[in-house]
Structure formats: C-alpha cells, structure tokens
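Novice: The following block contains a protein sequence and its predicted model.
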Amino acid sequence: MKLEHIAIWTSDLEKMRAFYLRFFELESNEKYYNPKKEFSSYFLSFKTGARIE
C-alpha cells in the first residue's frame, strides 16, 4: 500500500507550514484558497512523493 497524501487541520496554517518546511525539508506548492468555503491549504511534498495537505 502506498499513501498519496494525508490532510491535517490546523488553526494556524502558516505556522504549521513553516514547521514542516523547516524540520522535514519539504517542498510546498502555492497556497490554495476557496473563497466560497473560506478554505485554504498547501500541499507539502516529501522527496518520496507522499504529501501532507
């Protein structure tokens, strides 16, 4: 079995993104924002291909 991605809910998206980028050396996409649902997210990618949303 291979995991493609997992999602983590947080009250401080920018702080959590900074943590994962700093300590796990992940790559990030541009911020996604859905104004209708007031939802924002990033996909943070490991070199192996797995991602955190």
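Specialist: Structure received.

Novice: ranges for the strands of this protein?
Specialist: Here the chain has its strands, by DSSP state E, at 5-6, 27-28, 32-34, 39-41, 44-45, 51-52.

Novice: Tell me which of these lies nearest to residue 12.
Specialist: In terms of Cβ to Cβ, the element of the strands of the chain nearest to residue 12 is strand 39-41, at 11.3 Å. Every residue, glycine included, has its C-beta placed from N, CA and C.

Novice: any idea of the mean pLDDT for the closest one?
Specialist: For strand 39-41, the mean per-residue pLDDT is 96.

Novice: returning to what we had before: just the strands of the chain: most buried one?
Specialist: Comparing these by mean neighbour count (mean count of other Cβ atoms under 10 Å), strand 51-52 ranks first with a mean of 19.

Novice: Direction included, what does that one pair against?
Specialist: Strand pairing for strand 51-52, using DSSP bridges, gives strand 5-6 (parallel), strand 44-45 (antiparallel).

Novice: Select, out of those strands, the one closest to residue 20.
Specialist: For residue 20, the closest of these is strand 44-45, at 5.1 Å, according to Cβ to Cβ.

Novice: Reformat the strands of the chain as a markdown table; add distance to residue 15.
Specialist: Listed next are the strands of the chain as a markdown table, based on distance: least, Cβ to Cβ, whole Å:
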| stretch | distance to residue 15 |
| --- | --- |
| strand 5-6 | 18 |
| strand 27-28 | 14 |
| strand 32-34 | 17 |
| strand 39-41 | 13 |
| strand 44-45 | 13 |
| strand 51-52 | 14 |
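
Novice: ok, residue 2 - contacts?
Specialist: Shown in contact with residue 2 (Cβ atoms under 8 Å, 6 or more residues apart in numbering): residue 50.

Novice: do you know how far it is from residue 48?
Specialist: Note on residue 2: its distance to residue 48, by Cβ to Cβ, to the nearest Å, is 9 Å.
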